[in-house]
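Undergrad: sequence and predicted structure are below.
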Amino acid sequence: MSLAGLARLIWRTGRIAEPAPGVPGRPDHDTGAEAPVLPRALRGSVQVRHVDAGSCNGCEIELAAAFGPVYDAERYGARLVASPRHADVVLVTGAVTRNMAEPLRLTVAATPQPRVVLAVGDCARDCGAFRGAYGVVGAVGDVVPVDLAVPGCPPAPADIVAALRQVTGR
Ligand code: SF4
């Protein structure tokens, strides 16, 4: 097919993706949950730095799916970045281990304001299955202030995307 033919086909076909569900935290979303107060300056798009503070890697598999082609968090304005200096959101998985407490504090401190700390998974929220383990300092909220949390062991990719959409408002 020629380039012009391809362009005609694209123009004739139009968009075939299903419309996105309602924005989480807004009245049209089916959970009806109260929206947390998040910085308005981060609406539209955010850069996300992921920190594994002591996860079993179950949450990472779901996180990879959340940013993969099926759930595609990027279409709602959330993008993974390598440096906290470039990040608006610090997404933390796992209960915080002794070795990761200080790196987590430093990563959050290196992220410019305004920022959001997102605790993903039961371990990050309340230590989950690792509560009381000898190498665990505590939940993410015991080490750094947490703005938003996603429950589940592990949380579903759709729930991770929904939390990020609360930040971007898309
Ligand atoms: S919440 Fe579950 S899947 Fe995630 S790190 Fe903890 S044990 Fe693993």
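TA: Received, thanks.

Undergrad: list the contacts of V144.
TA: Counting by C-beta atoms under 8 Å, 6 or more residues apart in numbering, V144 touches 90, 92, 104-105, 108, 117. For every residue, glycine as well, the C-beta is placed using N, CA and C.

Undergrad: restricted to strands, list the residues you listed.
TA: Those of those mapping onto strands are 90, 92, 117, per DSSP state E.

Undergrad: please name the bridge partners of the residue nearest to H86 when sequence neighbours are not counted.
TA: Distances taken as C-beta to C-beta, 6 or more residues apart in numbering put Q47 closest to H86, at 5.3 Å, once the chain neighbours are dropped. With DSSP bridges applied, Q47 shows beta-bridge pairing to R79.

Undergrad: what parts of this structure come near the ligand?
TA: Counting by C-beta under 6 Å from any ligand atom, the positions of the chain adjacent to the ligand are 55-56, 58-59, 93-94, 121-123, 128-129, 153-154.

Undergrad: pick out the most distant pair among those residues.
TA: Greatest spacing in the residues of the chain next to the ligand, by C-beta to C-beta: T93 and A129 (13.1 Å).

Undergrad: pLDDT weak spots in this protein?
TA: For the chain, applying pLDDT under 70 flags the ranges 16-19, 25-35.

Undergrad: and the residue of it nearest the ligand?
TA: Nearest residue of the chain to the ligand: G58, at 2.6 Å (C-beta to the nearest ligand atom).

Undergrad: surely that residue meets P155?
TA: No - here G58 does not reach P155: they are 9.5 Å apart, not a contact under C-beta atoms under 8 Å.

Undergrad: still on that earlier bit, who's the closest spatial neighbour of the residue of the chain closest to the ligand, skipping the chain neighbours?
TA: Once flanking residues are discounted, G58 sits nearest to P154: 4.2 Å by C-beta to C-beta, 6+ apart.
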